[in-house]
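S.K.: next one to model:
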Amino acid sequence: MNDDIVPELDSLWSEANDHYEHARFEKAIEIYKYILVRYGDNSVANEYANALLGEILLTLGQTDLAENHVRKALSYDQENPRYHNLLGFIYDQGYQWESAVQEYKLALNPLWAYPSLG
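M.R.: Sure thing, here's the model as predicted:
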């Protein structure tokens with residue numbers, strides 16, 4: 001990655017996270033979406049921006065959009081317990097109990113679901 005880009009990305013993360021932590025969700029959403037566009041070729045930026053968008057959208061009750069972003073984050077890290085927990089909560093909100101339980105199990109013990117990792 002270009003050395004000039006890293007400070008910009010760090011600055012964007014810091015600003016977006018500040019908005020998120022202070023419940024200024026619309027501004028945080030705007031910055032995370034910008035990161036997805038500006039740094040579309042950066043897998044780490046895409047993973048985290050999608051995960052955080054999923055969290056915010058879930059908080060705002062937009063479960064369909066939240067699920068879409070969490071699934072995108074999972075496409076970068078399929079074993080991340082945080083993402084499975086978010087997906088479980090999304091399913092829980094939609095009364096999809098079996099799917100929620102499966103995701104919570106993945107969140108609690110990834111080796112249970114992926115025995116080949118052990």
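
S.K.: which residue is the nearest non-sequential neighbour of the residue nearest in space to the middle of the chain?
M.R.: In the chain, the residue lying closest to the centroid (Cα atoms, centre = their mean) is residue 51, at 0.8 Å. Nearest non-adjacent residue to residue 51, counting by Cβ to Cβ, 6 or more residues apart in numbering: residue 73, 3.8 Å away. In short, each C-beta sits where N, CA and C put it, glycine included.

S.K.: how close does the residue nearest to the centre of the chain get to residue 7?
M.R.: Using Cβ to Cβ, to the nearest Å, residue 51 is found at 22 Å from residue 7.

S.K.: returning to that earlier point: enumerate every residue touching the residue nearest to residue 51.
M.R.: 47-48, 50-51, 54, 80, 83 (Cβ atoms under 8 Å, 6 or more residues apart in numbering).

S.K.: what residues does the helix or strand hosting residue 17 touch?
M.R.: Using DSSP states H and E, residue 17 sits within helix 5-21. Applying Cβ under 8 Å, 6+ apart, the contact partners of helix 5-21 are 25, 27-28, 31-32, 34-35, 38-39, 42, 45, 48, 52, 56.

S.K.: per-residue pLDDT, residue 109?
M.R.: On pLDDT, residue 109 comes in at 79.

S.K.: show me the contacts for it.
M.R.: Contacts of residue 109 (Cβ under 8 Å, 6+ apart): none.

S.K.: quick one: low-confidence parts of the protein?
M.R.: The chain contains residues with pLDDT under 70 at 1-5, 110-118.

S.K.: buried subset of the contacts of residue 73, written for ChimeraX?
M.R.: A single ChimeraX command selects the buried members of the contacts of residue 73 (16 or more other Cβ atoms under 10 Å):
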select :47,48,50,51,54,80,83
